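K.L.:
Sharing a model that was predicted from the sequence below.
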Amino acid sequence: MFIDFMMDHFVRHSEQEALIWQGKSYSYRKMNELVESWQTTLSQLQLPPGSVVALEADFSPSSVALLLALIERNCVIAMLSSAVMDKKEEFCDIAEAEYIISLDSEDKVIFVSQARKADHRLLTYLKAKGHPGIILFSSGSTGKSKAAVHDLVPLLEKFKVARHAKRMMAFLLFDHIGGLNTLLYALSNGGTLITVQDRSPDAVCAAIEKFRVQTLPTSPTFINLIMLSEAYKRYDLSSLELVTYGTEVMPEATLQKFYSLFPDIRLLQTYGLSEVGILRSKSKSSDSLWVKIGGEGFQTRVRNGLLEIKAESAMLGYLNAASPYTEDGWFMTHDEVEVDGEYLRILGRASEMINVGGEKVYPAEVESVLQQMEGVQEVAVSSEPNPITGQMVKASVKLSTDESLSDFRKRMLQFCRDKMPAYKIPQKLVLVDDWMHNGRFKKMRRG
Amino acid sequence: MREKVSAIVLNAINDFNETYGKQIPLELAEDIPLFGKQGVLDSLGLVSLVVSIEQTLEDELGVSLILADEKAVSQRTSPFRTAGTVIDYICKLMQEETQVCESPSH
């Protein structure tokens, strides 16, 4: 019923590749059979339509088929992945999950029923309406994770418009709005989803070469790792046509470097949030951070320098937090932006902005400069209290050299002097041994 | 100990001159006016210099002190007036630390 438009494609493209998992190809015919088989299993298990189900998985034939079968059964699905395993119990509680379905790396399915009945207002609303829903947890990189509940009916609407079928890498995780978007886009258009279990630069580049991937949706952090590891030199990436990046602010230096290495790959900045979904976007050019966002079903406006979005398919609300909407129904992103006509440039989260004696500093612009230094593998900039200027700029740096802190400080000051005003040059430096990004390849600036 | 601290502070000022292209008159040694009346630093310069002194103290003497905090800012006479007053302030803080450390029985 809800995914008929997708299942029509499954029939029409039955001989084409829908999914590649562990090196094996699964056709649309095979996927169709799997969805039907899961629908039968869910009936046999007498899973009540409209149940709240936590689904813990990575992309695989069974997880994809099971997700579609649960949607057809009007279920509300709380998406979980390996990146949030330490919070699994907490998230299941917040979601009021009545069933937990886990898939392991061999695609074996474990089904556990919970002694609880979901009665959150948003969950009972969906159940009464007979609509399937989805619960997405925000990253919590700037605070506590929030559970966004979506009505899947309007969310699926935009996938009914036919677009180009591509061979896409399922890089962003299964429980991420970007990962879900990749999945729905590929399967709604007869495209092919190439899954990887190992998301290291080498494994991803090897899969791009082997399966002739055309589209890689990823994050600026991962693009940086591909270049640092030089994995791109060891594999043939000539099939790549489009790299999309989102989830965090792109450092200008990373973009320019990638563009100079791959001038023929189109680079597109995406803008999406667990709360409103993914907006359609158009970068001014491949080497530009200016982007036009919106598309059908979305309106944007900027108030006090902050981006606000009105979306037809926005979430119904949070399960565990107050409404983030303005009185007239706009979602407050808390992202500071610069405006130039139709184009926007994302500066960063208002909460991560550093105020040095009244001057604004955005972590991404400082990181972008430091990243160009020889020997700098990763850098995370954050604010540190200081009684003289209120806050100061602190940079945590992972080096590939064995320089001492004071040697590096001297080199950094020399390097930055003609590239940034003094107040943006990190006053405090810390050398770290570990990488500073999480399992979603997003930079962690705190902690 | 004061000599070591003095060397660290004057060294940090020297580095500061080199990297920021400043003209701090090093020959004045401990009389170098830093911040305030006739001071050669603005508030940002002071933050950077103080943090770099803190980190050198930690690296070379193994003491971790916070020089710029509410306490320093609220002193009746600023500890950041000259190189000499900074050195005195560091020694004072180090002494307080040592007393706390060495007199657990009191």
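P.N.:
That came in fine, so what should we check first? Residues are numbered from 1 along each chain as shown, chains lettered A, B, ... in the order given.

K.L.:
Specify the next element, helix or strand, located C-terminal of the worst-scoring helix or strand of chain B on mean pLDDT.
P.N.:
For chain B, the helix or strand with the lowest mean confidence is helix B:70-73, at a mean of 76 (criterion: mean pLDDT, DSSP states H and E). The helix or strand immediately downstream of helix B:70-73 is helix B:83-102, counting by DSSP states H and E.

K.L.:
And the contacts of that following helix?
P.N.:
Applying CB atoms under 8 Å, 6 or more residues apart in numbering or on different chains, the contact partners of helix B:83-102 are B:1-2, B:5-6, B:9-10, B:13, B:28-32, B:34, B:53, B:57, B:63, B:65, B:67, B:72, B:75, B:77-80. Using the backbone N, CA and C atoms, a C-beta is placed for each residue, glycine as well.

K.L.:
Give the buried residues for that helix.
P.N.:
B:83-90, B:93-94 (16 or more other CB atoms under 10 Å in any protein chain shown).

K.L.:
The nearest residue to A:Phe5 once chain neighbours are set aside and A:Gly357: what is the separation?
P.N.:
Distances taken as CB to CB, 6 or more residues apart in numbering or on different chains place A:Lys160 nearest to A:Phe5, at 5.1 Å, with adjacent residues excluded. Counting by CB to CB, to the nearest Å, the gap from A:Lys160 to A:Gly357 is 53 Å.

K.L.:
more crowded one of the two?
P.N.:
Set A:Lys160 next to A:Gly357 and count neighbours by other CB atoms under 10 Å in any protein chain shown: A:Gly357 wins out with 15 against 10.

K.L.:
What separation do you get for the more buried one and chain B?
P.N.:
6 Å (CB to the nearest CB, to the nearest Å).

K.L.:
Can you name the residues that contact that residue?
P.N.:
If you count contacts by CB under 8 Å, 6+ apart, then A:Gly357 has A:388-390, A:423, B:43-44 around it.

K.L.:
got the residues of chain B near chain A?
P.N.:
Residues of chain B lying near chain A by CB under 8 Å from any CB of the partner chain: B:15, B:18-21, B:43-48, B:50-52, B:55-56, B:59, B:68-70, B:72-73.

K.L.:
Inside helices: which ones of those residues?
P.N.:
Mapping those onto helices (DSSP state H) picks out B:15, B:18-20, B:43-48, B:50-52, B:55-56, B:59, B:70, B:72-73.

K.L.:
Only whichever of those are buried, select them in PyMOL.
P.N.:
The following PyMOL line selects those of those that are buried, judged by 16+ other CB under 10 Å:
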select buried, chain B and resi 15+19+20+44+45+46+47+48+50+51+52+55+56+72
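
K.L.:
which stretches of chain B have low pLDDT?
P.N.:
B:19-22, B:99-106 (pLDDT under 70).

K.L.:
centroid residue for it?
P.N.:
In chain B, the centroid-proximal residue (CA atoms, centre = their mean) is B:Val86; its distance is 3.9 Å.

K.L.:
Out of the contacts of A:Gly357, flag the one nearest to A:Pro251.
P.N.:
In terms of CB to CB, no member of these lies closer to A:Pro251 than A:Tyr423, at 18.9 Å.
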